[in-house]
Structure formats: structure tokens, C-alpha cells
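Asks: the following block contains a protein sequence and its predicted model.
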Amino acid sequence: MFFLELLVFLLIMYFGIRPIYAAFIFARPPRLRVSYFTPTNLGVTYEDITLTSQDGTKLVGWYIPSRNKAAVILLHGHSGNRLGVLHQAEALVQAGYGVLMFDLRAHGSSGGRRFTRSQVGVDDVLTAVSYLSKRPEVNAAGIGVMGVSVGGLFALQAAAKTVAIRAVAADGPSPATLDDVPFPNSLLGRLNLWQERFFRRAVQWFGAHEPLPANREIVTKLKDRPLLLIATGEGVEAEMAQRLADEVETAVFWQIPEARHAQGWHERPEEYNHRLIAFFDGALARDDKTRISLPPLPDEAQETAVPSKADAAVPIEYEATVPMLQANLMAFVMLPLAFLLFWLPYRLAWQAWPFAAFIDTSFAGVLTLVLVLALSLIGHELLHAVGFWLIGGAPLNRIKFGFSWQGFAPYAHCREPLQTTAYRISVVLPGLFLGVIPGLLAVALRQPLLLMWATLMLLAAGGDAAVLWAVRKVPSTVRVLDHPKKVGCQVLAE
């Protein structure tokens with residue numbers, strides 16, 4: 001009976017709770033607002049723009065005027081903002097192209113509460129096309145679109161809706177439906193396919209929009225228009241892109257096997273730029289003028305925060321971060337850990353699960369538990385601050401406290417460089433003292449409510465676990481700076 005209960009618990013967690021939570025995060029992505037970088041850093045003039053999509057949603061972005069009568073709309077991926085296509089923008093601007101880059105809906109500074117892979121995202125791209133078509137310096141036959149990940153999906157779908165888009169480039173385009181995904185051969189792959197189907201249904205429910213038609217269905221409408229498909233790795237992404245390329249006679253397929261998703265530009269920056277510019281040069285009607293030489297982008301420019309004046313003399317060598325979505329999903333990694341550390345020993349020691357005690361708790365008791373949980377989240381951040389101060393040696397005035405309305409949680413951010421070991425210890429403290437130790441005490445003392453509280457605190461440390469994963473390869477001898485925007489840190493030069 002015990003093993004049957006265990007099996008049911010694991011199946012519900014993996015095939016039920018996990019995809020629903022992932023779908024919720026997908027439909028309501030964390031907002032990363034642009035606050036430190038503008039195209040002025042590239043030495044070019046630009047215009048702040050606000051577009052109004054067909055449903056009234058405001059789309060905020062930048063437009064860099066064209067010098068060659070052609071312009072390209074750049075679309076970033078999920079959980080990012082317009083800085084996610086900054087590398088592509090630099091290459092295009094240097095080649096004389098106008099660039100329109102905006103935050104997707106429900107991202108960055110744009111409006112919208114929910115994000116979906118649906119027609120509203122395509123309408124946003126068509127709104128941008130309409131804007132460019134009215135610019136006097138842009139040729140009517142000189143409008144192209146380039147998208148990354150889900151931005152690539154919207155680029156393909158929008159091009160199928162209008163011939164005003166004369167060329168399309170897509171870097172790792174997301175599948176619109178499961179018809180775009182090759183059918184897996186392995187049993188595990190088929191189980192994951194079922195989970196993906198459940199995830200997509202949940203996204204559709206959270207987003208309250210109908211899904212788009214399959215990419216393989218709509219790319220045939222591109223006919224003789226140029227199409228560049230970029231794929232990374234050697235797995236499903238490359239196979240999907242190749243299948244799309246096979247559907248369009250004018251398509252060009254380029255695979256970067258050593259790169260991660262949407263990171264091909266990082267692995268082969270010069271070749272990436274050359275292929276991108278050569279593609280649009282051959283596809284769009286333009287009037288070439290002298291191409292300019294731009295100042296180099298900062299290393300890993302996407303969302304790299306400028307350090308405070310006190311740290312400005314210390315150059316940033318690289319970032320050790322993980323995407324916000326991955327950090328949120330780390331809570332599911334903590335669930336089996338909590339089960340092994342707390343729930344399984346409790347069941348073996350006391351021959352019962354702690355659910356019954358929670359069900360029998362009065363309404364006042366539940367409210368008390370919720371209040372204690374809220375206060376504990378504040379204590380979670382205070383423990384981070386204690387670590388920054390006592391272990392890392394950071395002055396108290398260099399530790400910032402605040403409340404994130406996007407994440408609906410308090411935070412403690414250290415603006416002082418720390419040794420990597422001290423940073424790791426500071427990250428671990430809340431999960432250890434609010435999760436692991438109370439959970440073990442709850443097992444020993446048969447305190448089911450304390451066990452549940454400790455479990456929730458361990459889940460709250462999922463983001464901390466993501467930070468530890470991000471810095472796993474950072475040498476202990478170097479100094480790091482807590483990242484003010486991303487999950488992780490900036491590694492400072494020696």
C-alpha cells in the first residue's frame with residue numbers, strides 16, 4: 001500500500017502539477033524592464049515608440065531609422081525583453097538597416113497581462129509592419145522580420161498573413177502545435193509528448209486564446225519569399241527547422257550544433273552576423289550607403305546590469321545566471337527532495353502521512369499558518385542579508401531590501417562584491433535554517449504542521465537552488481556581484 005501511495009504521489013507531481021505550474025509561468029512571464037541600455041550606447045540615434053496593437057495593447061520599443069531604405073523588425077524570446085535581440089540589432093544597424101525592436105506583450109515595458117502563442121502575438125507583429133510601412137525612409141519592398149525562439153514563431157506566422165513582409169529569419173522558432181514536433185521513437189519521449197500536450201492545453205486555458213495553426217502548414221504560404229532558418233544543437237530543434245526548410249523552396253537552413261537554444265550568435269558571432277546581413281541584403285530592396293562601425297557591445301550584453309559607482313572600477317568578466325522560468329521550475333526539483341528528506345521518513349517512522357493533521361486544522365489555524373508563511377518569506381531574505389553581512393563582509397548600507405510586485409515576494413540584494421564561497425553560503429542559509437533543519441525536527445517530534453511549513457520553505461528555496469546551479473562552475477577564488485535583474489551573479493575579473 002505504501003509503495004502504491006508513493007507511486008501515485010510521484011505521478012501526480014510529475015504529470016499533473018509540474019506542467020500546470022510551467023504553463024502558469026509561461027502565460028505570466030516575469031517582467032525584465034529595460035533600465036540601463038539604449039541604442040545611444042551604440043552611437044546611433046533612435047526613437048522611443050509606443051505601438052497600439054489591434055486589441056488596444058501598448059507595445060513599447062525603439063526604432064533606429066534606416067539609412068538604406070530597408071528595415072527589420074526584431075522579436076525576442078519568452079521571459080526576456082528587446083535587449084534579447086541586441087546582438088542582431090547591432091549587426092543590422094551597422095549594415096545600414098533600420099531596426100524596430102519592441103518588448104513582446106506581457107514582457108518588459110509593454111502592456112498585456114497574459115502571454116500566449118496565439119493570434120494576438122501575430123497581430124502585434126503586423127502592427128509593427130504597419131508602422132514601418134508608413135515611415136518615409138523605408139521602401140515598401142524593404143521590410144523584413146527576424147525572430148528568436150517564440151519570436152521566430154510569430155515572425156513565421158505574421159509573414160504568412162501579409163506579403164508586406166518580404167523576408168523572414170527565424171532562430172530556433174518555437175513549434176506552434178504538436179504537429180510541428182517530430183514524433184518521438186522512445187517510450188520516455190512519448191511520455192514527454194503527452195506531458196507537452198497537457199502543458200499546451202493548460203497554456204491555452206491560462207491565456208484564454210486559441211492556438212495558432214502549425215508552422216508546417218503556414219510556411220507554404222511564403223511561396224517564393226526568402227526564408228532563413230537557424231537551428232542549434234543536434235536534437236528536436238534542428239529536425240523541426242529542417243522540416244520547415246523542406247517545405248519552402250527558397251528556404252536556407254543553417255545549423256549550429258555546438259550552440260544552445262538561441263545562443264548561436266554567441267558561439268559564432270562573426271559568421272552569424274555575416275549570414276544574417278547577407279540574407280537580408282539579398283532579399284530586401286535597399287539603397288546602400290556607407291556602412292558604419294559601431295562600438296562593441298559589452299560582453300553578454302543581454303540584460304547585463306551596470307554596477308554601481310562603488311564597483312565601477314571592477315570589470316565584469318561574465319555572468320553566471322539561469323533564466324527566470326528555469327529558476328521558478330526549480331521548485332519542482334525541491335519537491336522530491338522534500339519527499340525524501342521529510343515525508344518518506346515521517347511515513348516510515350509514524351505509519352501515517354501528515355495530510356490528516358492539516359485537513360483537521362481549523363480555519364483559524366490555516367490563517368495562522370499562512371501568516372507564519374508570509375513572515376517566514378521575510379525571514380528568508382533576512383537570512384540572505386545576514387550571510388552577505390557576516391560571512392561576505394558586505395556593509396549594511398550595501399544591502400538593499402525591497403518587494404517585487406511581479407514575483408509578489410520580498411528580496412534582499414547585495415551590491416558589494418563577495419568571494420564566491422561566501423556568496424554560496426549566503427544563498428544556502430534560508431533553505432538550511434528554514435527548510436532542512438525544521439523539517440528534520442518535525443519528523444523526529446511528529447509535528448505535521450511544522451513539516452508542511454518546512455516543505456514550503458524548502459520550495460521557496462528553489463530559486464536559491466537555481467543560483468547554486470548557475471554558479472557551480474565559478475572558481476571559489478574569484479569575486480562575484482549579486483545580479484540585480486537575473487537569477488545568479490556577475491563574475492568579476494581577477
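Replies: Cool, got the structure.
Asks: now do the strands in this structure.
Replies: When secondary structure is read from DSSP state E, the chain shows strands at 47-52, 58-64, 71-75, 98-102, 143-148, 167-171, 227-232, 251-256, 316-322, 399-404, 409-414, 418-419, 479-482, 487-492.
Asks: how about those strands, which one is nearest Glu239?
Replies: Nearest to Glu239, of all those, is strand 227-232, at 8.3 Å by Cβ to Cβ. Heads up, the C-betas are built off the backbone N, CA and C, glycines and all.
Asks: quick one, the closest one and strand 251-256 angle?
Replies: 20 degrees (axes from the mean of the first three to the mean of the last three Cα atoms, to 10 degrees).
Asks: just the CA trace of stretch 333-346, in PDB.
Replies: Output in PDB follows, covering the C-alpha atoms of stretch 333-346 (Å, rounded to 0.1, in the frame of the first residue of the first chain):
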ATOM      1  CA  VAL A 333      13.300  19.800  -8.100                       C
ATOM      2  CA  MET A 334      12.800  20.600  -4.400                       C
ATOM      3  CA  LEU A 335       9.600  18.600  -4.200                       C
ATOM      4  CA  PRO A 336      11.200  15.200  -4.500                       C
ATOM      5  CA  LEU A 337      14.000  16.400  -2.100                       C
ATOM      6  CA  ALA A 338      11.400  17.300   0.500                       C
ATOM      7  CA  PHE A 339       9.700  14.000   0.000                       C
ATOM      8  CA  LEU A 340      12.900  12.100   0.600                       C
ATOM      9  CA  LEU A 341      14.100  14.200   3.500                       C
ATOM     10  CA  PHE A 342      10.800  14.700   5.300                       C
ATOM     11  CA  TRP A 343       7.700  12.900   4.000                       C
ATOM     12  CA  LEU A 344       9.100   9.500   3.500                       C
ATOM     13  CA  PRO A 345      10.900   9.300   6.900                       C
ATOM     14  CA  TYR A 346       7.700  10.700   8.500                       C
END
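Asks: roughly how far out does that stretch sit from the chain middle?
Replies: Relative to its parent chain, stretch 333-346 has a centroid offset of 28 Å by Cα atoms, centre = their mean, to the nearest Å.
Asks: how about stretch 66-78?
Replies: 21 Å.
Asks: ok, back up a step: now the strands of the chain as TSV including distance to Thr127 and mean pLDDT?
Replies: Below are the strands of the chain laid out as TSV (distance: least, Cβ to Cβ, whole Å; pLDDT from 0 to 100):
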stretch	distance to Thr127	mean pLDDT
strand 47-52	5	97
strand 58-64	7	97
strand 71-75	10	98
strand 98-102	9	98
strand 143-148	12	98
strand 167-171	17	98
strand 227-232	22	97
strand 251-256	26	96
strand 316-322	32	81
strand 399-404	30	83
strand 409-414	34	86
strand 418-419	45	93
strand 479-482	38	92
strand 487-492	32	88
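Asks: got a markdown table for the ones you listed, with mean neighbour count and distance to Ala155 too?
Replies: A markdown table is the format used below for the strands of the chain (neighbours: other Cβ atoms under 10 Å; distance: least, Cβ to Cβ, whole Å):
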| stretch | mean neighbour count | distance to Ala155 |
| --- | --- | --- |
| strand 47-52 | 13 | 16 |
| strand 58-64 | 21 | 15 |
| strand 71-75 | 28 | 6 |
| strand 98-102 | 27 | 12 |
| strand 143-148 | 28 | 3 |
| strand 167-171 | 28 | 5 |
| strand 227-232 | 26 | 10 |
| strand 251-256 | 19 | 13 |
| strand 316-322 | 19 | 26 |
| strand 399-404 | 13 | 31 |
| strand 409-414 | 18 | 34 |
| strand 418-419 | 20 | 41 |
| strand 479-482 | 23 | 35 |
| strand 487-492 | 22 | 28 |
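Asks: show me where the stretch 301-450 of the chain has its helices.
Replies: 324-338, 344-350, 355-359, 363-386, 420-430, 437-445, 448-460 (DSSP state H, counting those that start in this stretch).
Asks: er, the stretch 51-200 of the chain actually
Replies: 86-94, 119-133, 150-159, 187-207.
Asks: of all the ones you listed, which one is nearest Leu450?
Replies: With Cβ to Cβ, the closest approach to Leu450 among the helices of the stretch 51-200 of the chain belongs to helix 187-207: 32.3 Å.
Asks: which of the helices of the stretch 301-450 of the chain comes out lowest on mean pLDDT?
Replies: With a mean of 64, helix 355-359 has the lowest mean pLDDT of the helices of the stretch 301-450 of the chain.
Asks: where do the domain boundaries of this structure fall?
Replies: 39-177+212-283, 307-492 (automatic domain parsing).
Asks: most neighbours per residue, which of those domains?
Replies: Across the domains of the chain, averaging neighbours per residue (mean count of other Cβ atoms under 10 Å) puts domain 39-177+212-283 on top, at a mean of 20.
Asks: out of everything not next to it in sequence, what's closest to Leu228?
Replies: Spatially, and ignoring its direct neighbours in sequence, Leu228 is nearest to Ala169 (4.1 Å; Cβ to Cβ, 6 or more residues apart in numbering).
Asks: surely the one you found and Ile277 touch.
Replies: No. The pair Ala169 / Ile277 is not scored as a contact, 10.6 Å apart, by Cβ atoms under 8 Å.
Asks: got the contact list for the residue nearest to Trp205 when sequence neighbours are not counted?
Replies: Residue nearest to Trp205 in three dimensions, not counting chain neighbours: Ala23, with 7.6 Å by Cβ to Cβ, 6+ apart. Contacts for Ala23 (Cβ atoms under 8 Å, 6 or more residues apart in numbering) come out as Phe199, Arg200, Ala202, Val203, Trp205, Phe206.
Asks: quick one: end-to-end distance for stretch 37-57.
Replies: From the first residue to the last, stretch 37-57 extends over 24 Å; the measure is Cα to Cα, to the nearest Å.
Asks: that stretch: how far from the chain's middle?
Replies: On Cα atoms, centre = their mean, the centre of stretch 37-57 falls 21 Å from the chain's centre.
Asks: got it, and stretch 125-136?
Replies: That offset, for stretch 125-136, works out to 27 Å (Cα atoms, centre = their mean).
Asks: how about it as CSV, C-alpha atoms only?
Replies: Below are the C-alpha coordinates for stretch 125-136, written out as CSV (Å, rounded to 0.1, in the frame of the first residue of the first chain):
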residue,chain,number,x,y,z
VAL,A,125,3.9,41.9,-35.4
LEU,A,126,1.5,43.1,-38.1
THR,A,127,1.1,46.3,-36.1
ALA,A,128,4.9,46.8,-36.3
VAL,A,129,4.8,46.1,-40.0
SER,A,130,2.1,48.8,-40.5
TYR,A,131,4.3,51.2,-38.6
LEU,A,132,7.3,50.6,-40.8
SER,A,133,5.2,50.8,-44.0
LYS,A,134,4.4,54.4,-43.0
ARG,A,135,8.0,55.5,-42.4
PRO,A,136,9.1,57.7,-45.3
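Asks: pull the residues that contact it.
Replies: Against stretch 125-136 from outside (Cβ under 8 Å, 6+ apart): 49, 51-54, 59, 63, 65-66, 71, 73, 75, 98, 100, 102, 138, 140, 143, 145, 154-155, 157-158, 161-162, 164-165.
Asks: rewinding a little: distance to Trp194 for the domains of the chain - can I get that in JSON lines?
Replies: Shown next, in JSON lines, are those (distance: least, Cβ to Cβ, whole Å):
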{"stretch": "domain 39-177+212-283", "distance to Trp194": "15"}
{"stretch": "domain 307-492", "distance to Trp194": "17"}
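Asks: what's the closest of those domains to Pro19?
Replies: Among the domains of the chain, the nearest to Pro19 by Cβ to Cβ is domain 307-492 (10.0 Å).
Asks: sorry, back to before: which of the contacts of Ala23 are buried? Put it as a PyMOL command.
Replies: Those of the contacts of Ala23 that count as buried under 16 or more other Cβ atoms under 10 Å are selected in PyMOL with:
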select buried, resi 199+200+202+203+206
